[in-house]
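A.B. asks: Make a model of this:
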Amino acid sequence: MRILIVEDEERLAKSLKKALEKEGFAADYVTNGETGLNRIEICHKDYDLVILDLMLPKKDGLEVCKEVRAKGIKIPILMLTARFDTNNKVTALNVGADDYLVKPFSFEELTARIRALLRRPPQSVQTELKVQDLVLNNATHKVVSNNKEIKLTVKEFALLEYLMRHPNQVINRNQILDHLWGYDFDSFSNVVDVHIKNLRKKINNNRRKILETIRGIGYRIRDGKAV
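C.D. replies: Below is the predicted model:
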């Protein structure tokens, strides 16, 4: 899952990004409301959730949220604020925020709220994915093949889930970098190739080749039905 953080306190934004990435999310941040609104308008299909601060320069969180909803964009929005005020909470929810969290907060509570929002329809996604004899369960964070669990790192799991949600589609390196590591990651890094290599060793076997490299284009998960 990919998250956009709109937070003017850059130290907090960087801290949230780092912590979310440790949990297996991809995260980007911007530091003012105007840039945040532009990013959401242009790239909302690339994100699964927005963490939006209430007090922002150029355009505050309420304005951003209101304009996003006016444009029919339904991405979940979790509002952050230092104000503990029922009226502010009601206002935030009325303009379209899905949840509201008061600073300071624990990261455990934030991730619990995020996961709860991501489970809500229509933004919720299929929990269990199956390709040939490979089964990935996002809720339990387990991957099983022929009733035997395959141990994956957090990033390997996220990579496999991304590919399994697009069976038989060729996904290029830049798409993977953007989705799992964020827009600001070095596009010349070989991190994708390394993770693909390690993942292939774990999920491919002599009987079936699920993960393929399409030379010069990208990578593909085969469901066994496509020619």
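
A.B. asks: now the closest residue to R2 other than its chain neighbours: how far from N87?
C.D. replies: Leaving aside its sequence neighbours, R2 sits nearest to A26 (C-beta to C-beta, 6 or more residues apart in numbering; 4.4 Å). Glycine gets a C-beta too; all of them are placed from N, C-alpha and C. From A26 across to N87, the span is 35 Å (C-beta to C-beta, to the nearest Å).

A.B. asks: now do K130
C.D. replies: For K130, the distance to N87 equals 48 Å [C-beta to C-beta].

A.B. asks: Settle it for me: which of the two has more neighbours?
C.D. replies: K130 (14 against 8; other C-beta atoms under 10 Å).

A.B. asks: And the strands in this structure, which stretches?
C.D. replies: Applying DSSP state E to the chain gives strands spanning 2-6, 26-30, 49-53, 77-81, 99-102, 128-131, 134-137, 142-145, 148-150, 211-214, 218-221.

A.B. asks: Give me the contact list for the one helix or strand in the chain whose mean pLDDT sits lowest.
C.D. replies: Using mean pLDDT, DSSP states H and E, the weakest-scoring helix or strand in the chain turns out to be helix 86-94, at a mean of 75. With contacts defined as C-beta atoms under 8 Å, 6 or more residues apart in numbering, helix 86-94 is touched by L54, G61, L62, C65, M79, T81, Y100.

A.B. asks: try 7 Å
C.D. replies: With C-beta atoms under 7 Å, 6 or more residues apart in numbering as the test, helix 86-94 has contacts from L54, L62, M79, T81, Y100.

A.B. asks: pLDDT below threshold where in this protein?
C.D. replies: Residue ranges of the chain with pLDDT under 70: 83-86, 120-127, 182-189, 206-208, 224-227.

A.B. asks: Let's see that with 50 instead.
C.D. replies: 123-124, 226-227 (pLDDT under 50).

A.B. asks: Which residue is the nearest non-sequential neighbour of T111?
C.D. replies: E23 is the one closest to T111 (C-beta to C-beta, 6+ apart), at 5.9 Å.

A.B. asks: Please report phi then psi for the one you found.
C.D. replies: Per-residue torsions, E23: phi -90, psi 0 (degrees, to the nearest 10).

A.B. asks: Can you tell me which of the contacts of helix 86-94 has the most neighbours?
C.D. replies: M79 (27 neighbours).

A.B. asks: nearest spatial neighbour of that one, skipping sequence neighbours?
C.D. replies: A97 is the one closest to M79 (C-beta to C-beta, 6+ apart), at 4.2 Å.

A.B. asks: Near the one you found, how many other residues are there?
C.D. replies: 25.

A.B. asks: swap in R222?
C.D. replies: 16.

A.B. asks: any idea how far it lies from N146?
C.D. replies: Taken as C-beta to C-beta, the span from R222 to N146 is 17 Å.
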